[in-house]
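Enquirer: build me a model:
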Amino acid sequence: MSGNTRKTLGTVAGVVVAAAAVFLGVDTVAGGDGSTDTTGAAGTASTTARAAGAAPATPQTGSGGGSCPVDTLPEQADEVIDAILDGGPFEHGADDGKHFGNYEGTLPREDGSFYREYTVDTPGVGHRGARRIVVGGGTGTDPDVWYYTGDHYGTFCAIPDAEDDSAA
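Expert: Prediction:
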């Protein structure tokens, strides 16, 4: 194989990988503190921690395992939590608060109307991105369970203090 053929194949492969990343919602955005928030449909997410020195939340695989307190989530997640507790308004009104089917089976199995999802914006991304808060049970402003995913439902962590944080 000639050098030009290899170079062309490498370029084509790079374009295919980039197109797949855009399609799957893989985004890398520099945070205000110089950190990087990488989210995507494959792999785990590393989120920008708001509090100085706080470790980023690492969503766990499996049935909603792991915990990610609010102060370890991106600051945009706190805004969404407040909006849920206040009953809106939501940045992505046509999509937020809608049924989440748990088709991946990552969260505990519940009846079809149990879970609802909300978009957590990713700065610098011109689409909804991969970050979501999924709540379940309870009422619209008082869910029983709270989860965060930074990788479009690939992994989740439980948000143990979502309702406690509303006074902060």
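
Enquirer: and Tyr148, how many neighbours?
Expert: Tyr148: 28 surrounding residues under other C-beta atoms under 10 Å. C-beta here means a position set from N, CA and C on the backbone, and glycine is covered the same way.

Enquirer: how about it, secondary structure?
Expert: strand (DSSP: H, G, I helix; E, B strand; the rest coil).

Enquirer: quick check: it touching Val120?
Expert: Yes - contact criterion C-beta atoms under 8 Å: Tyr148 and Val120 qualify, at 7.4 Å.

Enquirer: for the two, list the residues in contact with both.
Expert: Common neighbours of Tyr148 and Val120 are listed as Leu73, Ala77, Arg131, Arg132, Ile133 (criterion: C-beta atoms under 8 Å, 6 or more residues apart in numbering).

Enquirer: of those, closest to Phe90?
Expert: Ile133 (10.7 Å; C-beta to C-beta).

Enquirer: surely that closest one forms part of a helix?
Expert: No - according to three-state DSSP, Ile133 belongs to no helix; its state is strand.

Enquirer: backbone dihedrals for Ile81, please?
Expert: Note on Ile81: backbone dihedrals following degrees, to the nearest 10 are phi -60, psi -50.

Enquirer: that one: neighbour count?
Expert: With other C-beta under 10 Å as criterion, Ile81 counts 24.

Enquirer: before we move on, the earlier item: compare the shared contacts of Tyr148 and Val120 and tell me which is most surrounded.
Expert: Going by other C-beta under 10 Å, Leu73 tops the shared contacts of Tyr148 and Val120 with 29 neighbours.

Enquirer: surely it meets Ile159?
Expert: Yes - in this structure, Leu73 is within contact of Ile159 by C-beta under 8 Å, at 7.2 Å.

Enquirer: hey, what's in contact with both of the two?
Expert: Going by C-beta under 8 Å, 6+ apart, residues that sit against Leu73 and also against Ile159 are Tyr148.

Enquirer: what helix or strand does Asp78 sit in?
Expert: helix 75-86 (DSSP states H and E).
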